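Asker: Let's see this in three dimensions:
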Amino acid sequence: MPTFSLWVTFALLFALTKSANQESLTTSPVMKIAPGNADFAFKLYHKLTSQVSNKNLLFSPLSISTAFALLSLGAKTTTLNQLLSELGFNRAEISEKEVHKDFLNLLQTLNNPTAERELSIGNAIFINNQFELLQEFVENAKHFYQADVLPADFSHPAKAEKQINDYINQKTNGKLNDVVKGFDSTVVSVIVNYIFMKAYWKVPFNHVSTREGNFFVDEQTTVKVPMMNRQHPFDIYEDKDLSCKVLHLPYKGDISALFILPEPGKMKLVENALGKEVLLKWGKSLKSQRIQLSLPRFSISAEYDVKDLLSQLGITEVFTDHADLSGITGQHNLKVSKAIHNTFLNVHENGTEAAAVTVAEIVFKSRQWNLQFTFDHPFILLIANKNTESILFLGRVVNPTKN
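Answerer: Okay, the predicted model is just below:
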C-alpha cells in the first residue's frame, strides 16, 4: 500500500532585546478553533510528561494541529471524524468548513509581518512527480493553509530527502537540518509544517548582569548555568494551591511568555493541573510587582515521533490500512506512515539587532526590590500569540545545559 508520509517540523529562535510595557495574556479575540487547539496542546503535554520524566520537553502544538488539519482536507468518513474530534474540534459546535476558515485566518494573522517580531508559519506538500493529486485538494491546501505544492522525485529517495531538508532548512533560517530521512519506495507524498519565530523582550536583559549560577536539576544534580538578571516591575502571581509561581514576560508585538516555577518536588502537581482553566486563572491573577528576576540562558532542541504520540491520544485510523484519504487522490490506497516533530529553542539576552545598542543598567543603590524570582530549578514555559489566543510553544526545562 502506498504511504503518505507526514513530517511536522518547526524551529524557534528568540532574540531577546528591549522595551517597556506589560500586556495581558487574555485581551485577544477568540477564534472558534482556539479552545480546541488549547485542549489539544495540553493533551499532548500531559501525554509527553507521562512518558518522559526528568527530561527537557519542547514542542509546538500549533504546528502539529495545523499539519493534521491540513491533512484532514483529504480525509473522509471515520478517518475525518476521528481527526477533527481528537484535534479538539466538536462538530456540533464548529463545522469542518469553519475549521479550515479559522486556520486560514490564523495563518494570515500570524504571518502578518511587523517591525516588532518575526513569525512565519507555513506548510508544504511534496508530491511524487509521477503521482496526481485531486485538484480540489490542491486548491484547498493552497487556499486555507497557504501550502506550497512541490514535485519531488521519490524514486530517488536521497534526492527527495535533500530537496525537502533544504526546504526546511531555508524556512527555519538554518536551525533545522537533516530532519527527514529513511524514505523507501512506498512514499508518494510528504507534508511539512514549519514555524520560525524571532521576538524581542519588552524589558531586556543586559549581558553585563549575566552571571554564573547554580541550577538544581534534582536533589542529587546541580549544574552551572549563565543566569540572566533584571530588576523591573513584572506581572507575577503565586498560586499557593498549586505550589508554584507564575511570571509573565511580554515580547514586543503580540507574543507573550509564561514561565511557571513549581516549588521543588511539585512539578507533577502543576503539570497535572495544567489546562485552559488554570491558564485563565493565572491570567486574571497576574499583578505587577517590583522583582529581582534571575532566569537561565539556555538552548534546547527535541524530536518526537508524532505518529506514536497521536495514536495514544486516539488518532489511529489515518496510520492504518483502514485510512480513508481518498480526498487526496480519489483512491483508497493511502495512509500516513510517519509523523516527526522537531523543535529548537534559544533563549538569551539580546538578538544581533540589539547587540550594538546594549547599555549598562544603572539603578539607585537604595532601591528596594520586594521579591526575588530565581528560576534555579525545573520550570515550565508557555509561549502564546495574544491576537489569536494560540499556544505556539509549550515545554519544560529540567536541565538547561542539556539539549
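
Asker: any weak-confidence spans in the chain?
Answerer: Within the chain, the segments meeting pLDDT under 70 span 1-30, 115, 348-370.

Asker: Show me how this protein divides into domains.
Answerer: According to automatic domain parsing, the chain comprises the domains 3-199+299-346, 207-296+355-397.

Asker: moving C-terminal of the helix of greatest length in the chain, what's the next helix or strand?
Answerer: Ranked by number of residues, the top helix in the chain under DSSP state H is helix 34-51. Next in sequence after helix 34-51, counting helices and strands by DSSP states H and E, comes strand 57-59.

Asker: Give the other helices and strands that the host helix or strand of residue 84 contacts.
Answerer: According to DSSP H and E, residue 84 maps onto helix 77-86. Packing partners of helix 77-86 (3 or more C-beta pairs under 8 Å, 6 or more residues apart in numbering; DSSP states H and E): helix 61-72, helix 96-110. From N, CA and C alone the C-beta is placed, and that goes for glycine too.

Asker: Just the buried residues of it, please?
Answerer: The neighbour-count check on helix 77-86 (16 or more other C-beta atoms under 10 Å) flags 79-80, 82-84, 86 as buried.

Asker: again, but for stretch 61-81
Answerer: Neighbour-count burial for stretch 61-81 flags 61-75, 79-80 (criterion: 16+ other C-beta under 10 Å).

Asker: cool, stretch 391-401 as well?
Answerer: The neighbour-count check on stretch 391-401 (16+ other C-beta under 10 Å) flags 391-400 as buried.

Asker: Repeat that for stretch 280-300.
Answerer: Buried residues in stretch 280-300, counted by 16+ other C-beta under 10 Å: 282-283, 286, 291, 293-298, 300.

Asker: if you look at those, which of them are in helices?
Answerer: When these are checked against helices (DSSP H), the matches are 282-283.

Asker: Which pair of the buried residues of stretch 280-300 spans the longest distance?
Answerer: Using C-beta to C-beta, the buried residues of stretch 280-300 span at most 26.4 Å, a distance reached by 283 and 297.

Asker: can you give me the offset of the host helix or strand of residue 383 from its chain's centre?
Answerer: In this assignment (DSSP H and E), residue 383 forms part of strand 379-385. Relative to its parent chain, strand 379-385 has a centroid offset of 9 Å by C-alpha atoms, centre = their mean, to the nearest Å.

Asker: ok, now stretch 113-131?
Answerer: 15 Å.

Asker: Next, the buried residues of that stretch.
Answerer: 117-128.

Asker: Tell me the one of those residues nearest residue 95?
Answerer: Closest to residue 95 out of those is residue 123 (21.3 Å), distances taken as C-beta to C-beta.

Asker: Could I get the contacting residues of the closest residue to the closest one other than its chain neighbours?
Answerer: In space, residue 123 comes closest to residue 147 once its chain neighbours are excluded; the distance is 4.1 Å by C-beta to C-beta, 6 or more residues apart in numbering. Under the criterion of C-beta atoms under 8 Å, 6 or more residues apart in numbering, the contact list for residue 147 reads 70, 122-125, 141.

Asker: Keep only those of those that are in strands.
Answerer: The members of these that map onto strands under DSSP state E are 122-125.

Asker: Just confirm residue 338 contacts residue 304, I think it does.
Answerer: No - using C-beta atoms under 8 Å, residue 338 is not in contact with residue 304; the gap is 11.7 Å.

Asker: Whichever strand or helix holds residue 214 pairs with which strands, parallel or anti?
Answerer: When elements are assigned from DSSP H and E, residue 214 belongs to strand 211-216. Partner strands for strand 211-216, per DSSP bridges, with pairing direction: strand 222-239 (antiparallel).

Asker: got the CA positions of the partner strand in CSV?
Answerer: The C-alpha coordinates for strand 222-239 follow below in CSV (Å, rounded to 0.1, in the frame of the first residue of the first chain):
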residue,chain,number,x,y,z
THR,A,222,23.5,20.7,40.3
VAL,A,223,24.8,22.3,37.2
LYS,A,224,26.3,25.7,36.4
VAL,A,225,24.4,28.0,34.1
PRO,A,226,24.6,31.6,33.0
MET,A,227,21.8,33.4,34.9
MET,A,228,20.4,36.5,33.3
ASN,A,229,19.3,39.1,35.8
ARG,A,230,16.9,42.0,35.6
GLN,A,231,15.3,44.4,38.2
HIS,A,232,11.9,45.6,37.0
PRO,A,233,8.2,45.6,37.7
PHE,A,234,6.9,42.3,36.2
ASP,A,235,3.5,40.7,36.2
ILE,A,236,3.6,37.8,38.6
TYR,A,237,1.3,35.5,40.6
GLU,A,238,1.9,33.0,43.4
ASP,A,239,-0.5,30.1,43.2
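
Asker: first vs last residue of stretch 67-84, how far apart are they?
Answerer: Its start and end residues considered, stretch 67-84 measures 12 Å (C-alpha to C-alpha, to the nearest Å).

Asker: what residues does that stretch touch?
Answerer: Outside of stretch 67-84, the residues within contact range by C-beta under 8 Å, 6+ apart are 6, 8, 87, 91, 96, 99-100, 103, 123, 134, 137, 140-141, 144-145, 147, 191-193, 310, 314-318, 322-329, 336, 339.

Asker: The buried residues of helix 77-86 into JSON lines, with extra columns for distance to residue 237?
Answerer: Shown next, in JSON lines, are the buried residues of helix 77-86 (distance: C-beta to C-beta, whole Å):
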{"residue": "79", "distance to residue 237": "43"}
{"residue": "80", "distance to residue 237": "41"}
{"residue": "82", "distance to residue 237": "38"}
{"residue": "83", "distance to residue 237": "36"}
{"residue": "84", "distance to residue 237": "35"}
{"residue": "86", "distance to residue 237": "32"}
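
Asker: Can you show me the strands along the stretch 201-350 of the chain?
Answerer: With strands called from DSSP state E, counting those that start in this stretch, the stretch 201-350 of the chain shows them at 211-216, 222-239, 244-250, 255-262, 287-296, 298-305, 339-347.
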